[in-house]
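**Student:** sequence plus predicted model, see below.
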Amino acid sequence: RAKARKLQGSFGHVSEDMLAAVALFALDSTPREQSLNVLLNETLRAPTRQDLPPWRDYIWLLLQALQQLPVAPERAVWAGAPALGPGWAVGAEVQLSGVAS
């Protein structure tokens with residue numbers, strides 16, 4: 001919720017619940033296998049849909065939020081990318097080890 005409240009200033013037209021859904025999807029847990037985005041993607045990729053009903057409301061909220069956000073200038077939204085710190089140079093090439101769906 002704290003992250004969603006911070007974002008509310010930039011995206012005032014998007015509800016706090018919707019911003020929280022986006023922030024939660026982008027958040028990485030330790031261990032990574034317990035991250036919401038990993039668990040949701042595993043459920044969506046499962047051969048059956050029996051574990052999907054508990055996710056229904058969250059998925060709806062996330063998709064509604066993403067529709068209301070402005071288009072990213074580079075047409076990419078990064079989830080799980082390492083935090084940028086003082087060791088990163090502007091314009092430097094960065095190679096990520098994976099791709100998120």
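**Tutor:** Sure thing, it's come through. From a predicted model like this one, the values you see are computed outputs, not experimental measurements.
**Student:** please count neighbours and contacts with C-alpha atoms only from this point.
**Tutor:** Fine.
**Student:** going by contacts, tell me the helices and strands next to the helix or strand containing residue 19.
**Tutor:** For residue 19, the host element (DSSP states H and E) is helix 16-26. Judged by 3 or more C-alpha pairs under 8 Å, 6 or more residues apart in numbering; DSSP states H and E, the packing partners of helix 16-26 are helix 2-8, helix 36-45, helix 56-68.
**Student:** angle of that helix against helix 56-68?
**Tutor:** Angle of helix 16-26 versus helix 56-68, following axes from the mean of the first three to the mean of the last three C-alpha atoms, to 10 degrees, is 100 degrees.
**Student:** okay, buried residues for helix 16-26 please.
**Tutor:** For helix 16-26, a neighbour-count test (16 or more other C-alpha atoms under 10 Å) marks 16, 17, 18, 19, 20, 21, 22, 23, 24, 25, 26 as buried.
**Student:** returning to what we had before: could I get the helices and strands packed on helix 16-26 in JSON lines, plus columns for distance to residue 91, mean pLDDT and mean neighbour count?
**Tutor:** Output for the helices and strands packed on helix 16-26, formatted as JSON lines (distance: least, C-alpha to C-alpha, whole Å; pLDDT from 0 to 100; neighbours: other C-alpha atoms under 10 Å):
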{"stretch": "helix 2-8", "distance to residue 91": "25", "mean pLDDT": "66", "mean neighbour count": "15"}
{"stretch": "helix 36-45", "distance to residue 91": "28", "mean pLDDT": "90", "mean neighbour count": "15"}
{"stretch": "helix 56-68", "distance to residue 91": "27", "mean pLDDT": "92", "mean neighbour count": "14"}
